[in-house]
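> Starting from these lines, generate the structure:
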Amino acid sequence: MKMSQAVPDDLLALDAPFVTEMMEITNYMWRFGWDERNGGNISYLLKEDEVKPYLDTSRVLRNIILDFPVKELANQFFIVTGSGKFFKNVTSKPSECLGIMRVSENGDSVDLLWGLTGDGKPTSELPAHFRSHIARLRQDSDHRVIMHNHATNIIAMTFTHELNEKSFSKTLWKMCTECIVVFPEGIAILPWMIPGTDEIGIRTAEKMERYRLVVWPHHGIFGAGNAIDDAFGLIETAEKAAQVYMLTSAHQGGIKQEITDEQLIALARAFGVKPNIDFI
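Numbering: from 1, shown residues only. Purely as a prediction, here's the structure:
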């Protein structure tokens with residue numbers, strides 16, 4: 001659908017593929033039980049030529065000051081979930097729960113172009129998101145998405161498994177054949193920290209320089225990807241492996257067999273991926 005004076009921006013934006021993607025994925029995650037209440041958040045880096053057919057990018061609804069400068073993202077467009085918004089409501093109230101914004105020229109604020117009605121604000125985890133976007137873009141120019149949710153079995157695993165990146169990653173690799181192929185670099189783990197702070201944003205971004213998955217113990221997981229499906233599939237794969245681990249480790253007698261190191265190496269070779277050599 002092309003820009004038309006006859007159709008208001010509020011309605012036109014609802015036809016944008018990136019808006020419908022956000023509506024769909026937030027609903028999936030809520031139905032999976034990963035985003036209870038207002039838990040979880042997503043930010044999706046957009047290209048200007050993707051946005052312009054659906055919004056007048058010169059029309060700014062309001063300016064939102066950032067607590068931290070992100071000059072590296074100057075003039076970039078994002079669609080994000082809102083602070084305090086329930087994922088279950090995104091499909092029925094997208095303009096209230098989502099916002100499309102552009103980072104200012106000097107990177108110290110964002111211009112809201114659509115959504116977050118009624119004085120809504122971007123996700124409280126924006127420091128972690130923006131810093132993680134910057135970190136991932138340094139590694140991959142095609143990077144687009146940062147996704148955070150409360151994946152149930154990943155959280156459960158942080159209560160029962162050693163919180164060591166090597167052993168945690170290796171356990172997940174050994175639970176499902178696909179894991180070492182999907183996240184060959186392994187998974188990063190932070191110490192427990194208060195969410196929504198500048199500190200946790202900085203520490204998450206530091207991990208994102210090397211990893212695409214970062215676990216916040218007893219809280220949830222952050223995933224990065226080149227598309228919504230990519231980031232979601234990454235978390236989905238890790239969560240499935242964590243579920244298998246929780247089921248088998250709770251079974252009487254525990255785990256009796258697993259994928260061996262030799263088999264992990266053979267898998268990586270067969271699929272042309274380079275696993276983290278520190279973890280094997």
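> need the helices for the stretch 51-200 of the chain, in chain order.
Using DSSP state H, counting those that start in this stretch, the helices of the stretch 51-200 of the chain run over 94-97, 126-139, 152-160, 165-175, 179-182, 198-208.
> Show me what the last one packs onto, helices and strands only.
For helix 198-208, the contact count by 3 or more Cβ pairs under 8 Å, 6 or more residues apart in numbering; DSSP states H and E identifies helix 126-139, strand 213-216, strand 220-225 as packing neighbours. C-beta coordinates here come from the backbone N, C-alpha and C atoms, glycine included.
> got the angle for it vs helix 126-139?
20 degrees (axes from the mean of the first three to the mean of the last three Cα atoms, to 10 degrees).
> residues of helix 198-208 that come out buried?
Under the neighbour-count criterion of 16 or more other Cβ atoms under 10 Å, helix 198-208 has 200, 201, 203, 204, 205, 206, 207, 208 buried.
> and of the residues you listed, the nearest to residue 45?
Nearest to residue 45 among these is residue 208, at 13.7 Å by Cβ to Cβ.
> pretty sure the closest one contacts residue 140?
No - counting by Cβ atoms under 8 Å, residue 208 sits too far from residue 140 to count as a contact (10.5 Å).
> follow-up on the earlier one: how about CSV for the helices of the stretch 51-200 of the chain, with mean pLDDT added?
CSV is the format used below for the helices of the stretch 51-200 of the chain (pLDDT from 0 to 100):
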stretch, mean pLDDT
helix 94-97, 96
helix 126-139, 96
helix 152-160, 97
helix 165-175, 97
helix 179-182, 97
helix 198-208, 94
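> nearest to residue 278, of those?
Per Cβ to Cβ, nearest to residue 278 of the helices of the stretch 51-200 of the chain: helix 165-175, 6.5 Å.
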